[in-house]
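> Pasting the sequence and the predicted model now:
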Amino acid sequence: MTETAAGLNDDAPPGALAVDCALVTEILTGFVREEVRKVGFERGVVGLSGGIDSAVTLAVVCRALGPENAIPVVMPYRASSPASERDARLVAAQLGTTPLGVDISPQIDAYFDRHPDADRTRRGNKMARERMSILYDLSLARGALVVGTSNKTELLLGYGTIYGDMAHALNPLGDLYKTQIFALARHLELPTAVIEKAPSADLWEGQSDEDELGFEYAAVDQLLHQMIDERRTRPELHALGYDDAFVKQIHRRVRDSQYKRRPPLIAKLSNRTIDRDFRYPRDWGR
Amino acid sequence: MVKAAPEVTEARATGPSGEIVVALAQMAPRLGDLGANLARHLELIGTAAAGGADLVVFPELSLTGYFLKDLVTETALRLDSPEIQALAEASREVDAVVGCILESDDHRFHNAALYLSGGEVVHVHRKVYLPTYGLFDEARDLAPGNRFRAFEAPLRSAGPRRPWRAGVLLCEDLWHPSSAYLLARAGVDLIICPSASPGRGVGHGSELGTAQSYDVITRTYAQLFTAYVVYCNRVGYEDGINFWGGSRAVDPEGHLVGEPAGRDEAMPLHRLDLAALRRARIANPMLRDERHDIVDAESRRLHRRERD
């Protein structure tokens, strides 16, 4: 099933997802610069997939810290599309950075040789977590903070691997929907090839986010914006022309993936439990 | 009919004096680091004094940072704390408004702004409206203040014209027009607004939504209450949340004095002038005409009705 924004009636606020890209870029650049430097780092490391999110993230890191302090890491698996690596290197070069290349095939294959029956979700999750472990190793080796690439759409839908691509120190794009990131990518003049191709996690041959999710980013972003940011009720969403089943499906996805967006639960025993009544900002003393 | 200001004083002298220079110390405090922030305050106070300022205004919670959570109790000061004493000493050179957590004798913690001058704490404002919604959680950790009071600001180089009357509104206090009304009724010339306003709203043009709101609020209050409004917001990031700066002075006709500051650390100086305030109040005598008697009568009536 594919929902499109064309199904919405005239009451849907036009351009509700429009953002001022120059303003957003300035805030995100300051965010990366300050949050990296206040913890004593000068560099950022970014997993560069060839997709739009990591390209925009790297562009922001370059603006914030300088290309010489941005470390893109290209981590293909042998089944990854060659076009992805080509696009990743195109982005890295355009931004004046020198990418590191780490082929993750040996470590993935070494594990799944013992689990040949593993389905592609397990394999995809494992790849995301291997990439995370490489980024965190480079974080220590290079003195660079891991800058993540998760956007608001995938965070809300739970369309990411917990402790995989969802693990990082900073997330500049986490409050931007996918369609807003397209606008930002154009503003940042990133390569057309990266902006125009269909979004894909590239965990297996021919994977497409929108095919896998079952709806288009344009449609789900509008709905999430109305549901989350505008706090519209179910009847209001219905009146705006959203399909009830689609609304229900998306609400369930957001609810059921809440655990991915929270730290692990701690069994409460004392009067001062971490994150419950022991509440300090992360920037404590900084 | 009740007059605008409870204490109407004759102008002590005529002439062009009554001019002051206000510095807006738009800075980024270190979160929970009193020592570093105190040092930065003393440095900026020195710079402001050397630049000829009569008053330097720091942002809300400038000595501690904003999203304190459990750091509230650990960074709290008392009026006799050495940090306050050091700042009071520095105020022998230039008046200063600083922000801190102030602990009361019965151990309530207030989000406070202190007006310091000549070695003394001249005025204390405890934030009345503690935002506790959205990203804000102030009432969880803080006790609210319960008054809006005007005071005579020493501003020693203001000259013989007459003293400046000032009042302080802290950030969310500004979102309640009754706060500014009460200060206007108490006869203020100058509304001092220290702020720690998190920037948000990127879908309505090249300015943040919060910046647009404060632009409207500060210019509207200045114009309607024919008073100067000086707004000092902080900059920097705390746990990923940005503070948008934009510190500005607005004249009693609602026009910006000079340019607002940007999103980086800055300390603009603005010249404010009682003669301009006088002209504004001649041109727009709303304060003279304000019907406080109606406000009082209707408030009493509404109060009775709300009670029933």
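Cool, got the structure.

> Tell me the buried residues in the helix or strand of chain A with the lowest mean pLDDT?
Lowest on mean pLDDT, DSSP states H and E among the helices and strands of chain A sits helix A:209-213, with a mean of 91. Across helix A:209-213, burial judged by 16 or more other CB atoms under 10 Å in any protein chain shown covers A:Asp209, A:Glu210, A:Leu213. For every residue, glycine as well, the C-beta is placed using N, CA and C.

> residues touching the first one, list them.
If I follow you right, that is A:Asp209. Neighbour list for A:Asp209: A:Tyr159, A:Ala198, A:Pro199, A:Ser200, A:Ala201, A:Tyr217 [criterion: CB atoms under 8 Å, 6 or more residues apart in numbering or on different chains].

> in terms of contact, does the fifth one touch A:Gln207 like I think?
Yes. The pair A:Ala201 and A:Gln207 qualifies as a contact (CB atoms under 8 Å) at a distance of 5.9 Å.

> low-confidence ranges in the chain?
I'll assume chain A. Where chain A drops to pLDDT under 70, the residues are A:1-14.

> not quite, I wanted chain B
The model of chain B has pLDDT under 70 over residues B:1-17, B:157-160.

> Give me the distance from stretch B:294-308 to the chain's centre.
Here the centre of stretch B:294-308 is set off from its chain's centre by 29 Å, with CA atoms, centre = their mean, to the nearest Å.

> Ignore what I typed, I meant stretch B:78-97.
17 Å.

> ok, and the closest non-adjacent residue to A:Asp175?
Closest residue in space to A:Asp175, ignoring its immediate chain neighbours: A:Lys152 at 5.6 Å, by CB to CB, 6 or more residues apart in numbering or on different chains.

> Same check on B:Pro131?
Closest residue in space to B:Pro131, ignoring its immediate chain neighbours: B:Glu172 at 4.5 Å, by CB to CB, 6+ apart.

> Return the distance of the one you found relative to chain A.
Separation of B:Glu172 from chain A (CB to the nearest CB, to the nearest Å): 19 Å.

> Just list the residues touching that residue, thanks.
For B:Glu172, the contacting residues are B:Lys127, B:Tyr129, B:Leu130, B:Pro131, B:Phe136, B:Glu138, by CB under 8 Å, 6+ apart.

> can you check B:Gln223 too?
Contacts of B:Gln223 (CB under 8 Å, 6+ apart): B:Pro252, B:Glu253, B:Gly254, B:Asn284.

> Recalculate using a threshold of 7 Å.
B:Glu253, B:Gly254 (CB atoms under 7 Å, 6 or more residues apart in numbering or on different chains).

> can you tell me how far it sits from chain A?
The spacing between B:Gln223 and chain A, counted by CB to the nearest CB, is 27 Å.

> How far away from the center of its chain is the helix or strand hosting that residue?
Element membership of B:Gln223 [criterion: DSSP states H and E] is helix B:209-224. Relative to its chain's centre, helix B:209-224 lies at 14 Å (CA atoms, centre = their mean).

> picking up where we left off before, only whichever of the contacts of B:Glu172 are buried, select them in ChimeraX.
Of these, the buried ones can be selected in ChimeraX as follows, counting by 16+ other CB under 10 Å:
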select /B:127,129,130,138
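
> want to try JSON lines for the contacts of B:Glu172, with secondary structure and distance to B:Arg149 as columns?
Formatted as JSON lines, the contacts of B:Glu172 follow (DSSP: H, G, I helix; E, B strand; the rest coil; distance: CB to CB, whole Å):
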{"residue": "B:Lys127", "secondary structure": "coil", "distance to B:Arg149": "13"}
{"residue": "B:Tyr129", "secondary structure": "coil", "distance to B:Arg149": "15"}
{"residue": "B:Leu130", "secondary structure": "coil", "distance to B:Arg149": "18"}
{"residue": "B:Pro131", "secondary structure": "coil", "distance to B:Arg149": "21"}
{"residue": "B:Phe136", "secondary structure": "coil", "distance to B:Arg149": "24"}
{"residue": "B:Glu138", "secondary structure": "helix", "distance to B:Arg149": "21"}
